[in-house]
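J.: would you be able to build a 3D model of this:
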Amino acid sequence: MKTSVLFGLTLMFLCIFINGSLSKLERLEHPVTKSDDSLSFLVVGDWGRKGGFNQSLVAHQMGIVGEQLDIDFVISVGDNFYDDGLKGDNDPSFEESFSHIYTHPSLQKQCTIKSCSHPKRLEMVLSQIFNFVLSSGMVEFFLVDTNPFVEKYFTDPGDDTYDWSNVLPRKKHISNLLHDLDLELKKSRATWKFVVGHHGIKTAGQHGVTQELVDQLLPILEENKVDLYINGHDHCLQHIGSDGEIQFLTSGGGSKAWRGETQPWDPKELKLYYDGQGFMSFHITHSQAKFVYYDVFGNVLHQSKWCKDSKTFGLF
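T.: Next up, the predicted model:
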């Protein structure tokens, strides 16, 4: 059974493991406790290879950066356990690819939501909205299962098998999910609106753009003035964006990377393309969202800040 797209909130990772979820979005709140009312977190994706393909090295650097930033949580953007997800609560891959890999103290964050199906670790959850309340406003994360949008998963799945028991009938599921997302985005009074999915909307990576998301999801993001769309799927690190528009950020370098396999893209929009392993960090305040890309050795590849008032970004 193919599992995984996003991630769930755990002692360490904010993740959604989606086996074809119900479309109804659940709103959860998590307070920000830093004295400066900032929020810091890491983003990693496409890991889950029992430490191989430099997964362990990426995890080590995540721990170092996590300690430096005093992070609040980690977001994983999917494909968490290769090749076919977890086969049950006692699957040894859970320990081999997660518990025994992400061991740095900075990554062990208390979960304030609810207990997990794997004690003190990961939880199976639905597409959700996570609210992080700041004294000067709020940042909301809208975590969306993008698997059901991809037509080929239904028409030409290859050797993969999927559990669509909570998705079918597919058209109704997608319609409900888009309706709920649009409604919640319109209701939001958050200073920042981040949407997190697994598949790319704008990407120069091997998989290329997911046209179904371009046609169905992107118009909703644009209409509701979403600030960032964060994804994995392509095994690379990537920043695509222009002033005044949504920034598209890919962090799919958690383990195996695809070197040299790129799609053409406008160099004015493509601020970073790195086809090696690595991860991202974020530091969010009321006025700025700063994000930094790191390679497997912890070297800074690219850093930028997205200014809320001017809708511009710049290097720093």
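
J.: CA atoms for contacts and neighbours, from now on please.
T.: OK.

J.: all strands in the stretch 1-150 of the chain, in order from the N-terminus.
T.: With DSSP state E, counting those that start in this stretch as the definition, the stretch 1-150 of the chain shows strands at residue ranges 13-14, 26-31, 39-44, 73-76, 128-134, 137-143.

J.: relative to residue 230, how far out is residue 287?
T.: Distance, residue 287 to residue 230, by C-alpha to C-alpha, to the nearest Å: 19 Å.

J.: pretty sure residue 298 is touching residue 61, no?
T.: Yes. Contact criterion C-alpha atoms under 8 Å: residue 298 and residue 61 qualify, at 5.5 Å.

J.: what about these two, which has more around it?
T.: Higher neighbour count among residue 298 and residue 61: residue 61, with 20 against 17, using other C-alpha atoms under 10 Å.

J.: can you tell me which residue is spatially central in the chain?
T.: Per C-alpha atoms, centre = their mean, the C-alpha nearest to the average position across the chain is that of residue 77, at 3.1 Å.

J.: ramachandran angles for that residue?
T.: phi -100, psi 20 (degrees, to the nearest 10).

J.: likewise residue 214?
T.: When read as degrees, to the nearest 10, the backbone of residue 214 gives phi -60, psi -40.

J.: quick check: the residue nearest to the centre of the chain vs residue 143, distance?
T.: From residue 77 to residue 143 the distance is 9 Å (C-alpha to C-alpha).

J.: now the helices for the stretch 201-316 of the chain?
T.: Here the stretch 201-316 of the chain has its helices, by DSSP state H, counting those that start in this stretch, at 211-216, 218-223.

J.: which among those is found nearest to residue 39?
T.: Of all these, helix 218-223 sits nearest to residue 39, with 22.5 Å by C-alpha to C-alpha.

J.: who touches the closest one?
T.: The contact list for helix 218-223 (C-alpha atoms under 8 Å, 6 or more residues apart in numbering) reads 178, 182, 201, 246.

J.: just how off-centre is the longest helix along the chain within its chain?
T.: The longest helix of the chain (DSSP state H) is helix 170-187. With C-alpha atoms, centre = their mean, to the nearest Å as the basis, helix 170-187 stands 19 Å off its chain's centre.

J.: tell me which residues of that helix are tucked away?
T.: With burial defined by 16 or more other C-alpha atoms under 10 Å, the residues of helix 170-187 counted as buried are 170, 173, 174, 176, 177, 178, 180, 181, 182, 184, 185.

J.: look up how far residue 148 lies from the second one.
T.: For residue 173, the distance to residue 148 under the criterion C-alpha to C-alpha works out to 8 Å.

J.: cool, the fifth one as well?
T.: Counting by C-alpha to C-alpha, the separation of residue 177 from residue 148 is 10 Å.

J.: same check on the third one?
T.: Taken as C-alpha to C-alpha, the spacing of residue 174 relative to residue 148 amounts to 7 Å.

J.: buried residues, stretch 34-47. List them.
T.: For stretch 34-47, by 16+ other C-alpha under 10 Å, it's 37, 38, 39, 40, 41, 42, 43, 44, 45, 46, 47.

J.: for stretch 209-221, same thing?
T.: For stretch 209-221, by 16+ other C-alpha under 10 Å, it's 209, 210, 211, 213, 217, 218, 220, 221.

J.: correct me, but residue 257 touches residue 236?
T.: Yes. The criterion here is C-alpha under 8 Å, and residue 257 meets it with residue 236 at 6.2 Å.

J.: pull up the overlap in contacts between the two.
T.: 275, 276, 277.

J.: which of residue 257 and residue 236 has more neighbours?
T.: residue 236 (32 against 22).

J.: picking up where we left off before, between the shared contacts of residue 257 and residue 236, which is nearest residue 52?
T.: Once C-alpha to C-alpha is applied, the member of the shared contacts of residue 257 and residue 236 that ends up nearest residue 52 is residue 277, at 11.4 Å.

J.: can you put the buried residues of helix 170-187 in a markdown table and add distance to residue 29 and pLDDT?
T.: Listed next are the buried residues of helix 170-187 as a markdown table, based on distance: C-alpha to C-alpha, whole Å; pLDDT from 0 to 100:
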| residue | distance to residue 29 | pLDDT |
| --- | --- | --- |
| 170 | 29 | 93 |
| 173 | 25 | 91 |
| 174 | 25 | 93 |
| 176 | 23 | 91 |
| 177 | 20 | 91 |
| 178 | 21 | 94 |
| 180 | 18 | 90 |
| 181 | 17 | 93 |
| 182 | 19 | 94 |
| 184 | 14 | 91 |
| 185 | 15 | 94 |
